[in-house]
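Undergrad: Pasted the sequence and its predicted model underneath.
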Amino acid sequence: MQNADPSSSATPIADLRRDYRRSELLEAQAPKDPLVLFDQWFAQAQQAQVPEPNAMTLATVNAQGHPSARIVLLKGREQDGFSFFTNYLSHKGQELAANPHCALVFLWDELERQVRIEGVATQLPAAQSDAYFLSRPLGSRIGAWASPQSQPLSSRAEIEQRYADMAERLGDAPSRPEHWGGYNVRPTMIEFWQGRSSRLHDRLRYERSGEGWQRQRLAP
């Protein structure tokens, strides 16, 4: 007897859908400062126990204008932006060096919400990167030294050997490597998306205007 193909009982991709009914986003509920609203939504995502609420898509472009995207973790909400940490020599680091304009997307599916952010990334001060690096688990600190991030490897054994060599060399108090640190993305646009029934979603877009923000509702 042949095993059934598990894909044969799967719902066709075109038929995957659900109606969003959890909440709404009206202008009366939205503060003038989008960063205040972001902090409110982020806190609600944590309260709802959304898995990894700080996971965000980071989209960058290279010098030729070709885009790429990956998931990274938000590690700070600066007064004027959003911070994350990475290897400056990585693929994303090289793209940000060539073009600091980037985009972030948060998806909190359990709340039927997403937040889109466009802005400009700048490296955080070395002291701030040092402080965060020292707060990381020892294994992660050694890994930052061991991994030539985004570079080709001959095998899994190669990176494991690099890690073992670095662990022996660095001991239990490695400092931050110069090629590793943080970025702050200062937003120029933030859009809040709340799922609504019949695909009539609520979308409020904030665009920076001088020292303030202009808010506008967008059609779904």
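TA: It's in.

Undergrad: host element of G181?
TA: strand 180-194 (DSSP states H and E).

Undergrad: Could I get the average pLDDT for that strand?
TA: On average, the pLDDT along strand 180-194 is 98.

Undergrad: for it, packing partners?
TA: Using 3 or more CB pairs under 8 Å, 6 or more residues apart in numbering; DSSP states H and E, the elements in contact with strand 180-194 are helix 34-47, strand 76-78, strand 81-87, strand 113-123, helix 126-135, strand 202-209. C-beta here means a position set from N, CA and C on the backbone, and glycine is covered the same way.

Undergrad: what about 6 Å?
TA: strand 81-87, strand 113-123, strand 202-209 (3 or more CB pairs under 6 Å, 6 or more residues apart in numbering; DSSP states H and E).

Undergrad: just checking, what packs against the longest one?
TA: If contacts are counted by 3+ CB pairs under 6 Å, 6+ apart, strand 113-123 sits against strand 101-108, strand 180-194.

Undergrad: mind checking which of these is nearest P137?
TA: strand 180-194 (14.7 Å; CB to CB).

Undergrad: Now do the closest one: distance to the chain's middle.
TA: Centroid separation for strand 180-194 versus its chain: 8 Å, with CA atoms, centre = their mean, to the nearest Å.

Undergrad: buried set for that strand?
TA: Buried residues in strand 180-194, counted by 16 or more other CB atoms under 10 Å: 180-187, 190-194.

Undergrad: Dump these to TSV, plus distance to G139.
TA: Listed next are the buried residues of strand 180-194 as TSV, based on distance: CB to CB, whole Å:
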residue	distance to G139
W180	15
G181	19
G182	19
Y183	23
N184	26
V185	27
R186	32
P187	33
I190	35
E191	37
F192	36
W193	36
Q194	39
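
Undergrad: Okay, now the unreliable bits of the protein?
TA: Residue ranges of the chain with pLDDT under 70: 1-8.

Undergrad: C-alpha coordinates for the strand holding G181, CSV please?
TA: C-alpha atoms of strand 180-194 as CSV (Å, rounded to 0.1, in the frame of the first residue of the first chain):
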residue,chain,number,x,y,z
TRP,A,180,30.1,43.8,14.9
GLY,A,181,27.7,46.4,16.3
GLY,A,182,24.4,48.1,16.1
TYR,A,183,22.3,50.3,13.8
ASN,A,184,19.6,52.7,14.5
VAL,A,185,16.9,53.2,11.9
ARG,A,186,15.4,56.7,12.1
PRO,A,187,12.0,56.5,10.5
THR,A,188,10.8,58.8,7.8
MET,A,189,7.5,56.9,7.3
ILE,A,190,5.5,54.5,9.6
GLU,A,191,2.3,52.8,8.5
PHE,A,192,0.0,50.9,10.8
TRP,A,193,-2.2,48.2,9.4
GLN,A,194,-5.1,46.7,11.2
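
Undergrad: strand partners of that strand, parallel vs antiparallel please.
TA: strand 81-87 (antiparallel), strand 113-123 (antiparallel), strand 202-209 (antiparallel) (DSSP bridges).

Undergrad: tilt between that strand and helix 126-135?
TA: Put simply, strand 180-194 runs at 90 degrees to helix 126-135, going by axes from the mean of the first three to the mean of the last three CA atoms, to 10 degrees.

Undergrad: Name whatever forms a beta bridge with the spatially most central residue of the chain.
TA: Centroid-nearest residue in the chain, with CA atoms, centre = their mean: M56, separated by 2.5 Å. Beta-bridge pairing of M56 under DSSP bridges involves V72.
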